[in-house]
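Asks: give me coordinates for this.
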Amino acid sequence: MTLNEALAAQPSRSRGRAFAEDDRGPRGPRDAFQRDRDRIIHSVAFRRLRHKTQVFVAPDGDHFRVRLTHSLEVAQIGRTMARALGLNEDLTEALCLGHDLGHPPFGHGGEEALQRSLSAAGGFDHNGHTLRLVTALENPYPTFDGLNLSWEVLEGLAKHNGPVAAPNWALKEADDDYDLELCSWPSLEAQIAAIADDIAYDNHDIDDGLRSGVLKLDQLLELPLVRAWWGEIEARHPGLDSARKQKALIRDGIGTMVGDVLAETRRRVREAGVDTLDEVRAAGQQLAGFSDEMKEAERALKRHLYAHLYDHDALRPIRIEAQRIVSDLARYFIANPDSLPEGWQRGESENARLRGIGDYIAGMTDRFAISRHEALIGPVSLPEKF
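Replies: Residues are numbered from 1 along each chain as shown. The predicted model follows:
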């Protein structure tokens, strides 16, 4: 069952773009949200995601996920849910593809290191940096900086996780330039993109964790949610070998979570009595999400992944070394600003100088950060595995 079509974002009713564009050149038969999606896909920042950490730093295995493959998987899940609910699939896909553009090298570990290094200039936040990239740093167009995305895409990128009461400096700059109404809830498309991200990394991190051998199946099966999925697979396929059951586990996990979100979202929308997109934004609550039962089970799964995968003894020294690389690079460029490439040297103020350093480092891929460290500072000691 789809929702009331008035709840879906419509490109024909978009609030527009910050800069007027000359449309005399060839554009093809695309609406505003389709063009936004394509601008994200064709951006330099999107291409760099293929060499940025998802879970494993600079992975040597071809089968482990990176930020790019994660973003594609989020988009597939998000688009599926948008279609089932009758929401705008192109807006949902654009938000899913763009949600991680601002990640620095080495994932959340790199982000923590950059946040500490730039604390004197307001720190660093990957979501704020995503907005900075698409509004200022990407520059493929002749008459303005940024990708000039529609208001609806900028709104969704800024607050897909909900209202933002205290925006970081980068997000505040974007909001000051083009009011994104940060204190309201975003569109249902943005809310679906956020929950698609959770579904993707919960299940695909299980897949990568089991594949690596860091995550242990017997420990994972201690979780009632996972044990139930496993039991259903065994009932459907008695005698199936464990490797194939593990692959089925990921599919069942995604399918079960997606089904839960669709049912719960329909229930919340019905009970909230919202009839328009403006009412969605003014609802004062998240309308797309897990049921209470699934939310608790998913939180338990996340706690397990943090304890047994993300913070595992085998990965902790790798994360520490990755953070050292980022911290060393920041210290080096702070001490030697003239060594920054042309275009990244911002001398208007101390804040601008530090933020230019942050922009440069955040744009690095894992392997480029490693090579810069080796060339400018010294060797790194990341192990070959992971």
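Asks: hey, C-alpha coordinates of stretch 240-257 in CSV?
Replies: The C-alpha trace of stretch 240-257 is given here as CSV (Å, rounded to 0.1, in the frame of the first residue of the first chain):
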residue,chain,number,x,y,z
LEU,A,240,22.1,-26.2,3.9
ASP,A,241,25.8,-25.6,4.6
SER,A,242,26.8,-22.8,6.9
ALA,A,243,28.4,-20.6,4.2
ARG,A,244,25.2,-20.5,2.2
LYS,A,245,23.2,-19.9,5.3
GLN,A,246,25.4,-16.9,6.1
LYS,A,247,24.6,-15.4,2.7
ALA,A,248,20.9,-16.0,3.2
LEU,A,249,21.2,-14.4,6.7
ILE,A,250,22.1,-11.1,5.1
ARG,A,251,19.2,-11.2,2.6
ASP,A,252,16.7,-12.1,5.3
GLY,A,253,18.0,-9.4,7.6
ILE,A,254,17.6,-6.7,5.0
GLY,A,255,14.2,-8.0,3.9
THR,A,256,12.9,-8.3,7.5
MET,A,257,14.0,-4.8,8.4
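Asks: how about residues contacting that stretch?
Replies: Applying Cβ atoms under 8 Å, 6 or more residues apart in numbering, the external contacts of stretch 240-257 come out as 77, 199-200, 202-204, 206-207, 210, 217, 226, 229-230, 232-234, 237, 290, 294, 298. (Each C-beta comes from the backbone N, C-alpha and C, glycine too.)
Asks: which ones among these map onto strands?
Replies: Among these, no member is found in strands (DSSP state E).
Asks: which segments of this structure make up each domain?
Replies: Using automatic domain parsing, the domain parsing of the chain gives 32-186+316-376, 188-310.
Asks: part of a strand, is L215?
Replies: No: secondary structure of L215 (DSSP: H, G, I helix; E, B strand; the rest coil): coil, not part of a strand.
Asks: count of residues packed around it?
Replies: Counted by other Cβ atoms under 10 Å, the residues lying close to L215 total 20.
Asks: in the stretch 51-200 of the chain, where is pLDDT below threshold?
Replies: Along the stretch 51-200 of the chain, the model assigns pLDDT under 70 to residues 56-62.
Asks: quick one, which of the contacts of stretch 240-257 are buried?
Replies: Among these, the ones that count as buried by 16 or more other Cβ atoms under 10 Å are 77, 199-200, 202-204, 206-207, 210, 226, 229-230, 233, 290, 294, 298.
Asks: what is the nearest of the residues you listed to V261?
Replies: Nearest to V261 among the buried ones among the contacts of stretch 240-257: F290, at 6.1 Å, using Cβ to Cβ.
Asks: what about the longest helix in the protein?
Replies: Using DSSP state H to define each element, the chain has its longest helix at helix 242-272.
Asks: quick check: buried residues in that one?
Replies: 245-246, 248-250, 252-254, 256-258, 260-262, 264-266, 268-269.
Asks: just stretch 141-158 next, same as before
Replies: Residues of stretch 141-158 classed as buried by neighbour count (16+ other Cβ under 10 Å): 146-158.
Asks: repeat for stretch 329-336
Replies: By 16+ other Cβ under 10 Å, the buried positions in stretch 329-336 come out as 329-330, 332-333.
Asks: could you single out the nearest of the residues you listed to Y141?
Replies: The closest of these to Y141 turns out to be F333 (Cβ to Cβ; 28.1 Å).
Asks: may I have the phi/psi pair for that closest one?
Replies: Main-chain torsions, F333, degrees, to the nearest 10: phi -70, psi -30.
Asks: quick one: it and D359 touch, right?
Replies: No: counting by Cβ atoms under 8 Å, F333 stays clear of D359, with 10.9 Å between them.
Asks: now the helix or strand containing G110, how far from the centre of its chain.
Replies: Using DSSP states H and E, G110 maps to helix 107-117. Its chain's C-alpha centre and that of helix 107-117 lie 16 Å apart, by Cα atoms, centre = their mean, to the nearest Å.
Asks: list of residues touching that helix?
Replies: By Cβ under 8 Å, 6+ apart, the residues outside helix 107-117 that reach it are 52-55, 57, 67, 103-104, 106, 123-126, 319-320, 322-324, 326-327, 330-331, 334, 358, 361-362, 369.
Asks: give me the buried subset of those residues.
Replies: Applying 16+ other Cβ under 10 Å to the contacts of helix 107-117, the neighbour count classes 52-55, 57, 67, 103-104, 106, 123-126, 319, 322-324, 326-327, 330, 358, 361-362, 369 as buried.
Asks: grab the most central residue of this protein for me.
Replies: Per Cα atoms, centre = their mean, the C-alpha nearest to the average position across the chain is that of D100, at 3.2 Å.
Asks: from R67, how far out is that residue?
Replies: Note on D100: its distance to R67, by Cβ to Cβ, to the nearest Å, is 5 Å.
Asks: so what sits against both of those two?
Replies: Residues touching both D100 and R67 (Cβ under 8 Å, 6+ apart) are L49.
Asks: pLDDT weak spots in the stretch 251-386 of the chain?
Replies: Within the stretch 251-386 of the chain, the ranges that satisfy pLDDT under 70 run 384-386.
Asks: can you give me the helices in it?
Replies: Secondary structure of the stretch 251-386 of the chain (DSSP state H, counting those that start in this stretch): helices located at 277-281, 292-305, 316-335, 350-362, 366-376.
Asks: centre of the chain versus stretch 271-281, how much separation?
Replies: That offset, for stretch 271-281, works out to 26 Å (Cα atoms, centre = their mean).
Asks: could you dump it to PDB, C-alpha only?
Replies: Output in PDB follows, covering the C-alpha atoms of stretch 271-281 (Å, rounded to 0.1, in the frame of the first residue of the first chain):
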ATOM      1  CA  GLU A 271      -2.000   7.800  13.200                       C
ATOM      2  CA  ALA A 272      -0.300  11.300  12.800                       C
ATOM      3  CA  GLY A 273      -3.100  12.200  10.300                       C
ATOM      4  CA  VAL A 274      -0.700  14.100   8.000                       C
ATOM      5  CA  ASP A 275      -2.000  14.900   4.500                       C
ATOM      6  CA  THR A 276       0.700  17.100   3.000                       C
ATOM      7  CA  LEU A 277       4.500  17.300   2.900                       C
ATOM      8  CA  ASP A 278       4.400  20.500   4.900                       C
ATOM      9  CA  GLU A 279       2.500  18.600   7.600                       C
ATOM     10  CA  VAL A 280       5.200  15.900   7.500                       C
ATOM     11  CA  ARG A 281       7.800  18.600   8.300                       C
END
